[in-house]
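Asks: Sharing a model that was predicted from the sequence below.
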Amino acid sequence: MNKTRILLFIICCLSACDSSKVALQISDQSAETVSFFNLEYRNHKLSHGELELDTVYTATVSENQQYIIYSQMIDGWTEVFLWDAFANAKQQLTDNNLIEFEVTVNNQARFAYTVEQNSGNGSLIYLDNVVLDLPQGMYKNLAMNNNWLVFNGYDSSTDTNSVWIYNLNNETLNSWSVEVFPNKIVWDGSQFVIDGIDSITFENNVYYVDVVNKSIAAQGAGSNACYYVNGQVNCYSQSQTQAKLIQMIQNELSTNDPMFALACGTGFDGRLSWTVSYRLHSLIKLFELQELAPELYKKVNYPLEAALNYGVNCLLSNVGVYQSEGHLFWPTKKYSIDKEQLLSLAVNDGMVLYPLIRAANRELLSNEQVQALKPLIEQYYKFHEKDFDKELGLYRFSYGSPFWADGVVLPWNMSAAMALTFAEAYKLTQYDRYKNRAVELTQKFVDSWVYKNEGQLMWHYWPDVFYQGWTQEDNVSVNTPSWPTKVDTLYEDLSHAGVNIWLINSILNSSLGESITVGAFEVEIANTTQGIERNGKYSRFMSGDGKYQFLSRRYMPRLGWVELGNCELNADVVKGYPWFTAQFAQNNELNYITLLLNEFHNESSRHCFK
């Protein structure tokens, strides 16, 4: 058992909160000890000897316990620090506007980390703050001892994975292909271990790798799914569906921002919208699991009440920071033209507001938090009202904003994010203006549906008016003054389509459903689901196309799709998602929790795993 991989993850209730501010009574669960990585987290702070730090979202300790490397949010961005526990000294390793993650350090204070590129579609590896000379691609899952730095790479042009080994002594770099999508790599004695999804069977397995001989030994047998947990290999049979899902949920919660520190940052890099928001939804669904299946919920070792309260307080405390500059709650730089100017996009704020309002509607927030939240809804509505095109019945990007498509109509997924927010806001406030806008946006989307290949439901990324193009004389956009007429044959990609499916599921299962004219959605989208999968691999697009971009397991449908209760998709999801971006997975645990809840919420899925 590798002692460097044991972590005491101790969490109790928030030191900064008194009982009047905590939404729910903090249960004994919040004081439980969770084993992970040989570090202690207390009161949402990393605590190790004299070291006590807030807003740390990833950290690793060296085998001899002398060095701790951690990534911490500073002024909204992540920076990397090295702590020498013996000398009681801290060193800041980075000072930039990059996104560092996956930090690792050895007994000699040599360190490495990865940096995101191309909005998560690529990454660089820094060794001792020097970029390794690697082909362009996505690199992930760093692990280091005194002799070797190992990691895996993914080549999107061939849909293949490889293991890379850097010799720290002679500075040589080697790689070889592997038939596995690694989820994590750790050192275990003289070997390193790959925990990942077999690219042939798609079952999760554990592989021991001999560095010198480049030999790989798989641990699982037959159809069992195996996971590497705290130095041990845990295997499950096909019938142990719930146990596998609980294992994967635990892995995600413990590995990816376990203390929910990212909720205390800014939205500059998009993580509030595309990471924190999904974690909020996960916590809300865990409360559902706690209510519907308390014995099953107890198997998830996570401080649910404390984490939700901490994250909500952080988000609500940061909403006014940039409003004096004409922005809304959590502006981003990720999508601005120069990556420096701030943007208040409706989708970014909506993706965060939506789960906050959901939590309020489910009575998971304190009265104080709800009262702080309610005014934000009206501010959101009024802020974007100037961009609502009454003739189209749709929103546009704000004209003249530092965005490539300023003045252009919003894509359907962004419109869906707004509709979800307004629909949930109506439940909380009963204000008809929110209901009417949610219904109008949803009906406009439904009216855009097309049917191909014997009843497969599809839609495009953009509303039709976008594909018609515009000229400079039309004065549509400052930054894109003209756009040619185009024909879209691929239709929406599965990832963005999931947000729209989420909207339709939500509307149809609410009081607003009777206000929408929609056909046999469940049957039609089931036809689509069948058409996008071939032999365990998926098209990236609703059209099922496999020529423009090859089929891959990485495109397996996620958010929204899992709620449909499709047995074939469920059977794939329970095997686990291969990693998709250079950062940590953004919504994997949300999908696994949803799959557990499908048994209670979705008639069609109850027989899937019987």
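Replies: Thanks, I have the structure now.

Asks: Pull out the buried positions in stretch 399-412.
Replies: 401-403, 405-412 (16 or more other C-beta atoms under 10 Å). Every residue, glycine included, has its C-beta placed from N, CA and C.

Asks: meant to ask about stretch 129-147, not that
Replies: 134, 137-145.

Asks: Tabulate the CA atom coordinates of that stretch in CSV.
Replies: Extracted C-alpha coordinates of stretch 129-147, given in CSV (Å, rounded to 0.1, in the frame of the first residue of the first chain):
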residue,chain,number,x,y,z
ASN,A,129,8.1,25.4,-13.8
VAL,A,130,9.6,24.5,-17.2
VAL,A,131,7.2,23.2,-20.0
LEU,A,132,7.9,19.7,-21.1
ASP,A,133,8.4,19.4,-24.9
LEU,A,134,5.4,17.3,-25.9
PRO,A,135,3.3,17.0,-29.0
GLN,A,136,0.1,19.1,-28.9
GLY,A,137,-2.6,17.2,-27.1
MET,A,138,-4.4,16.6,-23.8
TYR,A,139,-2.3,15.4,-20.9
LYS,A,140,-3.6,14.4,-17.5
ASN,A,141,-3.2,12.2,-14.4
LEU,A,142,0.3,13.2,-13.2
ALA,A,143,2.2,11.0,-10.6
MET,A,144,5.8,11.5,-9.5
ASN,A,145,8.4,9.7,-7.3
ASN,A,146,12.1,10.4,-7.0
ASN,A,147,12.9,8.8,-10.3
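
Asks: and it, average pLDDT?
Replies: Across stretch 129-147, pLDDT averages out at 94.

Asks: Same check on stretch 207-219?
Replies: pLDDT averaged over stretch 207-219 gives 89.

Asks: contacting residues around that stretch?
Replies: Stretch 207-219 has contacts (C-beta atoms under 8 Å, 6 or more residues apart in numbering) with 148, 150, 163, 165, 176, 178, 180, 188, 190-196, 205-206, 226, 233, 235.

Asks: And stretch 434-446, by the same measure?
Replies: The contact list for stretch 434-446, computed with C-beta under 8 Å, 6+ apart, reads 377, 381, 392-395, 412, 415-416, 418-420, 422-423, 425-426, 459, 463, 500, 503-504, 507, 512, 515-518.

Asks: Buried subset of those residues, written for PyMOL?
Replies: Filtering the contacts of stretch 434-446 down to the buried ones (16+ other C-beta under 10 Å) takes a single PyMOL command:
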select buried, resi 377+381+394+395+412+415+416+418+419+420+422+423+425+426+459+463+500+503+504+507+512+516+518
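
Asks: now, which of the contacts of stretch 434-446 lie within strands?
Replies: 394-395 (DSSP state E).

Asks: Which helix or strand contains the residue nearest to residue 587 when sequence neighbours are not counted?
Replies: Leaving aside its chain neighbours, residue 587 sits nearest to residue 278 (4.1 Å; criterion: C-beta to C-beta, 6 or more residues apart in numbering). Following DSSP states H and E, one finds residue 278 within helix 277-292.

Asks: what do you get for residue 245?
Replies: Going by DSSP H and E, residue 245 is in helix 241-255.

Asks: Where does the prediction get shaky in the protein?
Replies: 1-44, 76, 118-120, 221-222, 583-586, 602-610 (pLDDT under 70).

Asks: Can you classify the residue in it sticking out farthest from the centre by secondary structure?
Replies: Most distant residue from the mean C-alpha position of the chain: residue 473, 40.8 Å away (C-alpha atoms, centre = their mean). Using DSSP: H, G, I helix; E, B strand; the rest coil, the structure places residue 473 in helix.

Asks: if I pick it, what's in contact with it?
Replies: Residue 473 neighbours (C-beta under 8 Å, 6+ apart): none.

Asks: quick one: it from residue 480, how far?
Replies: Per C-beta to C-beta, to the nearest Å, residue 473 is found 14 Å from residue 480.

Asks: okay, now residue 550: neighbour count?
Replies: 15 (other C-beta atoms under 10 Å).

Asks: That one is in contact with residue 159, isn't it?
Replies: Yes. With contact defined as C-beta atoms under 8 Å, residue 550 reaches residue 159; the gap is 5.8 Å.

Asks: a helix runs through residue 141, doesn't it?
Replies: No. Read with three-state DSSP, residue 141 is strand and lies in no helix.

Asks: Next, report how far stretch 401-410 is displaced from the centre of its chain.
Replies: Distance of stretch 401-410 from its chain centroid, counting by C-alpha atoms, centre = their mean, to the nearest Å, is 25 Å.

Asks: so where does residue 196 fall, helix or strand?
Replies: Going by DSSP H and E, residue 196 is in strand 191-198.

Asks: Direction included, what does the helix or strand just after that strand pair up with?
Replies: Next along the chain after strand 191-198, taking DSSP H and E as the criterion, comes strand 204-210. Note on strand 204-210: by DSSP bridges, its sheet partners are strand 191-198 (antiparallel), strand 215-218 (antiparallel).

Asks: Which of the ones you listed has the highest mean neighbour count?
Replies: strand 191-198 (a mean of 22; mean count of other C-beta atoms under 10 Å).

Asks: Need the contact partners of that one.
Replies: In contact with strand 191-198 (C-beta under 8 Å, 6+ apart) are residues 143, 148, 150, 152, 163, 178-187, 203-211, 216, 227-228, 553, 575-578.

Asks: Pull out the buried residues from those.
Replies: 143, 148, 150, 152, 163, 178, 180-187, 203-209, 211, 216, 227-228, 553, 575-578.

Asks: my read: residue 505 touches residue 565, true?
Replies: No. Applying C-beta under 8 Å, one finds residue 505 not in contact with residue 565, separated by 10.0 Å.

Asks: Which one's more surrounded, those two?
Replies: The neighbour comparison of residue 505 against residue 565 (other C-beta under 10 Å) goes to residue 565, with 21 against 18.

Asks: Residue 599 is in contact with that one, correct?
Replies: No. The pair residue 565 / residue 599 is not scored as a contact, 9.3 Å apart, by C-beta under 8 Å.

Asks: hmm, back to that, now the helix holding residue 278: buried residues?
Replies: Result for helix 277-292 [16+ other C-beta under 10 Å]: buried residues 277-290.

Asks: next one: stretch 156-173
Replies: Within stretch 156-173, the residues that qualify as buried are 159, 161-166, 168, counting by 16+ other C-beta under 10 Å.

Asks: ok, those residues vs residue 111, which is closest?
Replies: Nearest to residue 111 among the buried residues of stretch 156-173: residue 168, at 11.2 Å, using C-beta to C-beta.

Asks: how much space is there between the closest one and residue 106?
Replies: For residue 168, the distance to residue 106 (C-beta to C-beta) stands at 8 Å.

Asks: now the angle between helix 241-255 and the helix holding residue 278, please.
Replies: Put simply, helix 277-292 runs at 140 degrees to helix 241-255, going by axes from the mean of the first three to the mean of the last three C-alpha atoms, to 10 degrees.
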